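J.: Let's see this in three dimensions:
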Amino acid sequence: MNETTRTALRARAWLVGITALCGLWLVQNGAATRTDPPRPAAAEAFAAGPPPRVAATAPLPRSEPVRIRIPRIGVDAPMTRLGLRADGSLEVPPARDRNLAGWFAKGTPPGAKGTAIVAGHVDNAQGPSVFYALGSLKKGDRVEIGRGDGRTAVFAVDAVEVYANDDFPDRRVYGPSPDASLRLITCGGAFSRTTGYQGNVVAYAHLTGVR
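T.: Predicted coordinates:
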């Protein structure tokens, strides 16, 4: 099995875990009362054109992330480690905590060289959760990751896209990067009354500064 195949299979397994981020509150409340989270605008997709030019910053040494802040959508949340389940799917943050994001701790920490994966729930049984408004981000928006070394890694959003589960671009999302790249992932797309969201919203970003 070549590395491309292994990457694709691993990414598919992660996606199985990420679908657990989807739609519990909306399913329980029904179509008549729910308020759908925002969907990414077409202008924020890669195909609509390049993001504002924000120069990349050299990657930082590895350090565990402890907090994520996204000013545009009011996110200010602690972070927890995510691993893999026995079936190879990605763990998700505990659903009971609406203000908690998780990062894949066996991969790249945000700010270091490579592709860092951060996932958050769109909702839980009580209502909207940490990444509920992820789809409203715009190119150039700022994402800040507080790290255990006391530094804050500052990222600029490059694009925000939504994908159906059966059309998820594994390599684009999870593939390696020569720079310090970041992916923020939650659920979105078409909604099923029985199973929740049928896709994922992904925000792409790159490191632009350090504080």
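J.: now the helices for the protein?
T.: With DSSP state H as the criterion, the chain has helices at 3-18, 24-29, 170-174.
J.: okay, and the helix or strand of this structure with the least pLDDT?
T.: In the chain, the helix or strand scored least confidently by mean pLDDT, DSSP states H and E is helix 3-18, which has a mean of 44.
J.: neighbours around residue 198, how many?
T.: 18 (other CB atoms under 10 Å). Heads up, the C-betas are built off the backbone N, CA and C, glycines and all.
J.: From residue 41, how far off is it?
T.: 19 Å (CB to CB, to the nearest Å).
J.: again with residue 138
T.: From residue 138 across to residue 41, the span is 8 Å (CB to CB).
J.: same check, this time on residue 75
T.: Here residue 75 is placed at a distance of 19 Å from residue 41 (CB to CB).
J.: So if I had to pick from these two, which one is more boxed in?
T.: Taking neighbours as other CB under 10 Å, residue 75 and residue 41 compare with residue 75 leading, 22 against 14.
J.: So what pairs up with the more buried one in the strands?
T.: Beta bridges link residue 75 to residue 70, judged by DSSP bridges.
J.: for it, what are its contacts?
T.: By CB atoms under 8 Å, 6 or more residues apart in numbering, the contact list for residue 75 reads 68, 69, 101, 130, 131, 133.
J.: Can you tell me the closest non-neighbouring residue to the third one?
T.: Spelled out, that is residue 101. Spatially, and ignoring its direct neighbours in sequence, residue 101 is nearest to residue 120 (4.2 Å; CB to CB, 6 or more residues apart in numbering).
J.: burial measure for that neighbour, as a count.
T.: Residue 120 is flanked by 26 other residues according to other CB under 10 Å.
J.: can you check residue 118 too?
T.: For residue 118, the count of nearby residues is 25 (other CB under 10 Å).
J.: That one against residue 105, yeah?
T.: No: contact criterion CB atoms under 8 Å: residue 118 and residue 105 do not qualify, at 11.0 Å.
J.: what's the single longest strand in this protein?
T.: In the chain, with assignment by DSSP state E, the single longest strand is strand 196-210.
J.: which residues of this protein score low on pLDDT?
T.: Applying pLDDT under 70 to the chain picks out residues 1-35, 194-195.
J.: same thing but 90
T.: The chain contains residues with pLDDT under 90 at 1-37, 50-54, 83-97, 122-128, 164-171, 174-175, 187-200.
J.: Tell me where it has strands.
T.: Secondary structure of the chain (DSSP E): strands at 65-70, 75-82, 101-104, 114-120, 123-124, 127-128, 142-147, 152-164, 180-192, 196-210.
J.: gap between the last one and the chain center?
T.: Which is strand 196-210. Counting by CA atoms, centre = their mean, to the nearest Å, strand 196-210 is centred 4 Å from the centre of its parent chain.
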